[in-house]
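J.: Everything below, folded, please.
(one chain, ligands or ions: 2)
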Amino acid sequence: MATHLRSAGKKCTVIGGSGFLGQHMVEQLLKKGYTVNVFDIQKRFDNDRVQFFLGDLCDKEALLPALQGVSVAFHCASPAPSSDNRELFYKVNFMGTKAVVEACKEAGVQKLVLTSSASVVFEGTDIKNGSEDLPYAKKPIDYYTETKILQEKEVLSANDPGNNFFTTAIRPHGIFGPRDPQLVPILIQAAKSGKMKFIIGDGKNLVDFTYVENVVHGHILAAENLQKGSALCGKAFHITNDEPVPFWAFMSRILTGLNYDPPKYHIPYWLAYYLALFLSLVLWLLSPLVTIKPTFTPMRVALAGTFHYYSCERAKRDMGYKPVVSLDEAIDRTLQSYPHLRRAKA
Ligand SMILES: NC(=O)C1=CN([C@@H]2O[C@H](COP(=O)(O)OP(=O)(O)OC[C@H]3O[C@@H](n4cnc5c(N)ncnc54)[C@H](OP(=O)(O)O)[C@@H]3O)[C@@H](O)[C@H]2O)C=CC1
Ligand SMILES: CC(C)=CCC[C@@H](C)[C@H]1CC[C@H]2C3=C(CC[C@]12C)[C@@]1(C)CCC(=O)C[C@@H]1CC3
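T.: Ligands and ions are numbered 1, 2, ... in the order given. Okay, here's the model as predicted:
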């Protein structure tokens, strides 16, 4: 059945709809004819076609009005990984997600699609073409990821066909695109302050970077294919660009595209890792006196210096997923969208 027919008359709620991914979700859902509610802790855009509900997702009572009459809820809210706030990650990603599940059931929502993360299986060592069958990380790279694991387990185990409640999780990796507040802005900030001189390791490690519209496409396909007896029920799916790329080639392309020099000196992976670890220890000791957010954390060094790319064969097979925007086109569109980060040529 054509997508526009399947989506006719569908009403959905995007929890976290004011965020980077959330806003792109809202735009595509509206284009596909959905009626869209946004539930978020803040309102970051205006759109007459969207009904906004402001509140904290940890509060079930606040969520309920946003879920009335809705058939699909997309849960893509999370504190930013860089907030580095243990209590907040636990409260929002774990306890809050329990509240989301409860509220969906109480409001009679039939489908819940969670935005998880491919990092739930990443322990800081190489993953090449990893499938969804990899076990959850026993030692997740940070506390954000630890709570993404708890969150994903909570949502997948809530799948309950007997009560007409179906759940699934999308695991994207390295989302980028227009309005992303993380990847490109952090990279350019690091370049501006002269920190992007070194390639960690030999620079050959392949990584997935996934264009935001492909991530959105995966979520919408998941919602449309999630039904009684489908292979999606209670399962997680990688959504990638299906074009793994050397981490440092990708970074260099963004840097040169915005008129910054690419990194050219190599530093051994373990040296970078232990330097970052030492730096975080020093900053932790100094934290009662001063708060400094380092650019290079052990987590970022691990992400920058290892292979970690994932197979999206399961999504292709079970929901007919195929990236809709190629990596080349995605990078061009992203570069175009950041004129304010472009360095004036000397
Ligand atoms: N960006 C990436 O590369 C990847 C992201 N993901 C996942 O994708 C999802 C979306 O990420 P992204 O769009 O980048 O994140 P954003 O931070 O841009 O968006 C998340 C939104 O959720 C809101 N939010 C946070 N806490 C609450 C709360 N307690 N109640 C209601 N709303 C809340 C945020 O508000 P505020 O800004 O005020 O906190 C923000 O508007 C997340 O679940 C993330 O874990 C997964 C893999 C990769
Ligand atoms: C080495 C350096 C300073 C690179 C700058 C880019 C990084 C800020 C990004 C490179 C890979 C990104 C990434 C995430 C955040 C931004 C990066 C570290 C996530 C941690 C975001 C949340 C997730 O669920 C997993 C992502 C993995 C990749």
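
J.: where's Gly69, which helix or strand?
T.: Under the criterion DSSP states H and E, no helix or strand holds Gly69.

J.: Ignoring the adjacent residues along the chain, who's closest to it?
T.: With sequence-adjacent residues excluded and distances taken as CB to CB, 6 or more residues apart in numbering, Gly69 is closest to Lys11, at 5.8 Å. For every residue, glycine as well, the C-beta is placed using N, CA and C.

J.: May I have the beta-bridge partners of that neighbour?
T.: Legend: beta-bridge partners of Lys11 under DSSP bridges are Thr35.

J.: Tell me, how many residues neighbour the residue in the chain that ligand 1 sits nearest to?
T.: Of all residues in the chain, the one sitting closest to ligand 1 is Gly19 (1.9 Å; CB to the nearest ligand atom). Other residues near Gly19 number 23, with proximity taken as other CB atoms under 10 Å.

J.: go on, Ile127?
T.: Look at Ile127: counted by other CB under 10 Å, it has 21 neighbours.

J.: list the contacts for it?
T.: Val121, Leu134, Thr306, Phe307, His308, Tyr309, Tyr310 (CB atoms under 8 Å, 6 or more residues apart in numbering).

J.: Helix, strand or coil: sort out Pro181 for me.
T.: Three-state call for Pro181 (DSSP: H, G, I helix; E, B strand; the rest coil): coil.

J.: pretty sure it contacts Ser18?
T.: No - Pro181 is beyond contact range of Ser18, at 11.6 Å (criterion: CB atoms under 8 Å).

J.: who has more neighbours, those two?
T.: Taking neighbours as other CB under 10 Å, Pro181 and Ser18 compare with Ser18 leading, 19 against 11.

J.: who's in contact with that one?
T.: Applying CB under 8 Å, 6+ apart, we find Ser18 in contact with Val38, Asp40, Ile41, Gln42, Lys43, Arg44, Phe45.

J.: Let me see the contact set for the fifth one.
T.: Neighbouring residues of Lys43 by CB under 8 Å, 6+ apart: Ser18, Phe52, Leu54.

J.: again, but for the fourth one
T.: Listed by CB under 8 Å, 6+ apart, the contact partners of Gln42 are Ser18, Leu54.

J.: Next to ligand 2, which bits of the stretch 151-300 of the chain? Give me the list.
T.: Within the stretch 151-300 of the chain, the positions near ligand 2 by CB under 6 Å from any ligand atom are His173, Gly174, Gln182, Leu183, Ile186, Leu187, Ala190, Thr295, Arg300.

J.: Lowest pLDDT pick from those residues?
T.: Minimum pLDDT for these is recorded at Thr295 (85).

J.: Just give the number of residues close to that residue.
T.: Number of residues near Thr295 (other CB under 10 Å) recorded here: 14.

J.: so it sits right up against Ile188, yeah?
T.: No - between Thr295 and Ile188 there is no contact, the gap being 11.4 Å when judged by CB under 8 Å.

J.: Now stretch 255-272 - C-alpha only, CSV.
T.: In CSV, the C-alpha atoms belonging to stretch 255-272 read as follows (Å, rounded to 0.1, in the frame of the first residue of the first chain):
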residue,chain,number,x,y,z
LEU,A,255,36.4,20.8,8.0
THR,A,256,37.6,21.5,4.5
GLY,A,257,34.0,22.1,3.3
LEU,A,258,33.8,24.9,5.9
ASN,A,259,37.3,26.2,5.0
TYR,A,260,39.2,24.7,8.0
ASP,A,261,42.4,22.7,7.6
PRO,A,262,42.0,18.9,8.1
PRO,A,263,44.1,17.2,10.8
LYS,A,264,47.4,15.8,9.4
TYR,A,265,49.6,14.5,12.3
HIS,A,266,49.0,11.0,13.7
ILE,A,267,48.8,10.2,17.4
PRO,A,268,48.7,6.6,18.6
TYR,A,269,45.2,5.5,19.7
TRP,A,270,46.3,4.4,23.2
LEU,A,271,48.3,7.5,23.8
ALA,A,272,45.3,9.7,22.9
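
J.: what's in contact with that stretch?
T.: Stretch 255-272 is touched from outside by 184, 187-188, 191-192, 196-203, 248, 251-252, 296, 301, 305-306, 331, 335, 338, 341-345, with contacts defined as CB under 8 Å, 6+ apart.

J.: one more time with 7 Å, if that's ok
T.: 187-188, 191, 196-203, 248, 252, 301, 305, 331, 335, 338, 341-343, 345 (CB atoms under 7 Å, 6 or more residues apart in numbering).
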